[in-house]
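Asks: sequence? don't have it. structure:
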């Protein structure tokens with residue numbers, strides 16, 4: 001019974017420490033996960049998406065592109081151009097790992113050797129944020145512009 005209890009407690013502790021998965025939706029505040037947007041001028045927006053470590057940097061960019069496509073369609077635009085974009089890690093740290101330490105001592109009462117194992121159970125608290133400025137377009141998407149995206153295609157890929 002005790003042999004089964006140890007691994008079960010470790011599994012429970014690891015599950016409890018996992019960071020929440022990234023959910024697509026508006027951010028409740030600047031520091032929360034989700035999207036934020038700001039209209040800069042007619043047909044020009046700044047879109048930001050902050051994701052937890054589970055989404056990785058590429059996931060934050062994909063979710064920002066999804067929001068940009070939604071903004072395009074809400075404004076009767078068929079495509080959008082990404083004018084500027086950046087993705088960076090904001091805050092947090094990568095989850096640590098396990099460590100092993102060995103120590104020894106000698107003295108007048110004898111000697112001893114000890115071995116210790118440490119496990120970091122803290123969650124991966126990194127977040128990734130993608131910021132992009134977009135310009136909405138109507139009509140046919142420019143075929144030779146690698147920064148132009150068809151809004152409907154982006155949304156169909158996003159599911």
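Replies: Looks like it arrived, so ask away. Just so we're clear, the structure is a prediction, and the values are computed from it rather than from any experiment.

Asks: residue 139 and residue 65, how far apart?
Replies: 20 Å (CB to CB, to the nearest Å). All C-beta spots, glycine's among them, are computed from the backbone N, C-alpha and C.

Asks: which secondary structure elements does the helix ranked longest in the chain contact?
Replies: The longest helix of the chain (DSSP state H) is helix 56-74. Using 3 or more CB pairs under 8 Å, 6 or more residues apart in numbering; DSSP states H and E, the elements in contact with helix 56-74 are strand 34-41, strand 44-52, strand 79-89, strand 127-137, strand 148-150, helix 151-158.

Asks: what is the shortest one packed up against?
Replies: Of the remaining helices and strands, those touching strand 148-150 by 3+ CB pairs under 8 Å, 6+ apart are helix 56-74, strand 79-89.

Asks: what residues sit buried inside it?
Replies: Using 16 or more other CB atoms under 10 Å as the test for burial, strand 148-150 gives 149, 150.

Asks: among residue 139 and residue 65, which residue is more densely surrounded?
Replies: Ranked by neighbour count (other CB atoms under 10 Å), residue 139 and residue 65 place residue 65 first, with 24 against 8.

Asks: so that one sits right up against residue 149, yeah?
Replies: Yes: judged on CB atoms under 8 Å, residue 65 makes contact with residue 149 at a distance of 6.6 Å.

Asks: and for these two, which residues touch both?
Replies: Here residue 65 and residue 149 have residue 82 as joint contacts, going by CB atoms under 8 Å, 6 or more residues apart in numbering.

Asks: burial of residue 158, as a residue count?
Replies: Per other CB under 10 Å, the neighbour tally for residue 158 reads 14.

Asks: not counting its neighbours along the chain, what's nearest it?
Replies: residue 66 (4.3 Å; CB to CB, 6 or more residues apart in numbering).
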